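S.K.: Build me a model from this:
(one chain, ligands or ions: 2)
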Amino acid sequence: MEINTVGVIGAGQMGVGIAHVFAAAGYDVRLMDVAPAALSTAVARIDAAMDRQIGRGQMDAAGKAVALARIATAGDAEALGPCDLIIEAATEDEAVKRRIFESVAPFLAPHTLLTSNTSSISITRLASATDRPERFMGFHFMNPAPIMPLVELIRGIATDEATFETLRALVVRLGKTPASAEDFPAFIVNRILLPMINEAIYTLYEGVGTVEAIDTALRLGANHPMGPLQLADFIGLDTCLAIMHVLHDGLADTKYRPCPLLVKYVEAGWLGRKAKRGFYDYRGETPVPTR
Ligand SMILES: CC(=O)CC(=O)SCCNC(=O)CCNC(=O)[C@H](O)C(C)(C)COP(=O)(O)OP(=O)(O)OC[C@H]1O[C@@H](n2cnc3c(N)ncnc32)[C@H](O)[C@@H]1OP(=O)(O)O
Ligand SMILES: NC(=O)C1=CN([C@@H]2O[C@H](COP(=O)(O)OP(=O)(O)OC[C@H]3O[C@@H](n4cnc5c(N)ncnc54)[C@H](OP(=O)(O)O)[C@@H]3O)[C@@H](O)[C@H]2O)C=CC1
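M.R.: Ligands and ions are numbered 1, 2, ... in the order given. The predicted structure is shown next:
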């Protein structure tokens with residue numbers, strides 16, 4: 001199936017990154033969000049990220065101008081009508097995602113593929129809230145989307161072969177690498193990564209180490225590019241907590257219980273980089289540990 005126009009729903013860190021990837025790869029992009037403020041900063045954030053790519057010699061000024069011109073922002077679902085593919089990248093909340101699918105369905109063409117960038121939620125269950133379970137999939141980009149080469153592909157029980165093959169080929173055309181996961185809670189990446197991050201938060205909570213010691217230990221001791229607490233702030237503590245709830249509820253194993261400190265930070269609104277405060281305070285020149 002031919003994909004020319006891509007709709008991205010949710011102009012948060014992932015939606016912005018995914019819109020960037022598709023515009024740079026030559027696709028027309030419709031970026032939609034309910035928050036006008038998110039849309040107005042979205043293009044500026046893509047502009048800055050493309051400048052970084054120019055700095056790295058991965059793009060030139062002309063290519064950036066053409067790519068940016070391919071991105072149209074929209075506050076309502078009607079603008080998604082011409083899209084061949086929709087990628088939902090809104091908050092990691094099943095009710096929010098189901099409402100989005102119900103609201104966009106009337107505007108989509110029959111052939112349009114509908115996907116979610118969800119980190120963890122059942123694809124089969126999300127598909128059941130749509131008018132096209134055969135053309136629904138988990139299409140899971142990693143953060144930051146312009147940099148990370150992996151895209152996790154997750155079929156729901158009803159996903160047809162043509163949908164899977166179209167999206168697998170699209171990932172390769174984007175210059176990224178597909179990995180196929182079965183539709184179990186948090187799939188592959190976050191089934192492994194988030195318990196590690198949750199364990200790092202328990203390590204802090206129990207006083208085994210400070211924020212700095214824990215992140216230094218994993219960066220220098222296990223060659224991680226970011227420490228687990230820095231990474232949690234990068235992902236978003238609300239998203240981390242949502243994924244741990246999906247694992248805990250879906251697998252019914254206490255080893256996935258979210259650390260009480262993670263719960264408290266989210267309750268305080270300390271959601272990490274996007275809220276300028278999490279395990280680090282981002283309001284100054286350099287991030288400062290908050291514990
Ligand atoms: C939660 C889920 O559902 C699944 C997930 O995504 S789990 C999270 C997966 N992601 C990770 O594990 C990220 C781990 N961290 C890293 O790989 C690296 O720290 C990083 C690529 C994010 C940054 O790389 P770095 O070399 O350590 O730092 P930095 O020099 O700032 O960035 C390297 C390049 O990436 C770019 N970059 C960094 N953050 C970026 C962002 N948010 N968006 C776009 N580009 C970004 C920078 O522009 C930089 O390019 P320049 O050198 O030209 O500035
Ligand atoms: N963060 C990460 O590292 C990764 C996240 N993901 C997944 O990607 C998705 C998005 O995550 P992320 O970008 O971090 O989340 P963010 O919180 O950064 O962004 C979510 C965006 O969705 C918007 N939104 C909320 N409700 C709606 C709606 N009904 N219609 C349109 N937009 C809406 C939010 O607006 P507002 O702020 O106004 O509510 C916000 O702009 C989640 O499913 C997450 O699990 C996948 C890979 C990595």
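S.K.: neighbours around residue 255, how many?
M.R.: 10 (other CB atoms under 10 Å). The way it works is simple: take the backbone N, C-alpha and C, and place the C-beta from them, glycine included.
S.K.: Touching, it and residue 194? I think so.
M.R.: No - with contact taken as CB atoms under 8 Å, residue 255 and residue 194 are classed as non-touching, separated by 11.7 Å.
S.K.: mind listing the helices for the stretch 101-250 of the chain?
M.R.: Listed in chain order, the helices of the stretch 101-250 of the chain (DSSP state H, counting those that start in this stretch) span 123-127, 161-173, 189-205, 211-221, 228-235, 237-251.
S.K.: what does the third one rub up against?
M.R.: Put plainly, it is helix 189-205. Contacting residues not belonging to helix 189-205 are listed as 119-120, 140, 142, 150, 152, 181, 184-186, 209-211, 214, 218, 227-229, 231-232, 235, 240, 243-244, 247, 255-256, 258-262, 279, 291 [CB atoms under 8 Å, 6 or more residues apart in numbering].
S.K.: Of these, grab the buried ones for PyMOL.
M.R.: This is the PyMOL syntax for the buried subset of the contacts of helix 189-205, where burial follows 16 or more other CB atoms under 10 Å:
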select buried, resi 119+120+140+142+152+181+185+186+211+214+218+227+228+229+231+232+235+240+243+244+247+256+258+259+261+262+279
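S.K.: The contacts of helix 189-205 also near ligand 1: which ones?
M.R.: Of the entries in the contacts of helix 189-205, the ones placed beside ligand 1 under the rule of CB under 6 Å from any ligand atom are 119, 142, 231, 235.
S.K.: Please list which of these also come close to ligand 2.
M.R.: Contacts with ligand 2 are made by 119, 142, 235 out of these, judged by CB under 6 Å from any ligand atom.
S.K.: Let's have these in TSV, adding pLDDT.
M.R.: Below are these laid out as TSV (pLDDT from 0 to 100):
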residue	pLDDT
119	98
142	98
235	98
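S.K.: Can you lay out those residues as TSV showing distance to residue 34?
M.R.: Written out in TSV, the entries for these read as follows (distance: CB to CB, whole Å):
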residue	distance to residue 34
119	20
142	24
235	22
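S.K.: Would you mind listing what in the stretch 101-250 of the chain touches ligand 1?
M.R.: For the stretch 101-250 of the chain, the contact set with ligand 1 under CB under 6 Å from any ligand atom comprises 119, 142-144, 146-148, 189-190, 193, 225-226, 231, 235.
S.K.: try 8 Å
M.R.: By the rule CB under 8 Å from any ligand atom, the part of the stretch 101-250 of the chain lying against ligand 1 is 117-120, 140-148, 189-190, 193-194, 224-226, 231, 234-235, 239-240, 243.
S.K.: Only alpha carbons, please: show the longest helix seen in the chain as PDB.
M.R.: Counting by DSSP state H, the longest helix found in the chain is helix 36-55. Extracted C-alpha coordinates of helix 36-55, given in PDB (Å, rounded to 0.1, in the frame of the first residue of the first chain):
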ATOM      1  CA  PRO A  36      -2.500  24.900  20.500                       C
ATOM      2  CA  ALA A  37       0.600  25.800  22.500                       C
ATOM      3  CA  ALA A  38       2.000  22.300  21.800                       C
ATOM      4  CA  LEU A  39       1.500  22.900  18.100                       C
ATOM      5  CA  SER A  40       3.100  26.300  18.100                       C
ATOM      6  CA  THR A  41       6.300  25.100  19.700                       C
ATOM      7  CA  ALA A  42       6.300  21.800  17.700                       C
ATOM      8  CA  VAL A  43       7.600  23.200  14.400                       C
ATOM      9  CA  ALA A  44      10.200  25.400  16.300                       C
ATOM     10  CA  ARG A  45      11.500  22.200  18.000                       C
ATOM     11  CA  ILE A  46      11.700  20.400  14.700                       C
ATOM     12  CA  ASP A  47      13.500  23.400  13.200                       C
ATOM     13  CA  ALA A  48      16.100  23.300  16.000                       C
ATOM     14  CA  ALA A  49      16.600  19.500  15.800                       C
ATOM     15  CA  MET A  50      17.100  19.800  12.000                       C
ATOM     16  CA  ASP A  51      19.700  22.600  12.600                       C
ATOM     17  CA  ARG A  52      21.500  20.000  14.700                       C
ATOM     18  CA  GLN A  53      21.300  17.500  11.800                       C
ATOM     19  CA  ILE A  54      22.700  20.200   9.500                       C
ATOM     20  CA  GLY A  55      25.500  20.700  12.100                       C
END
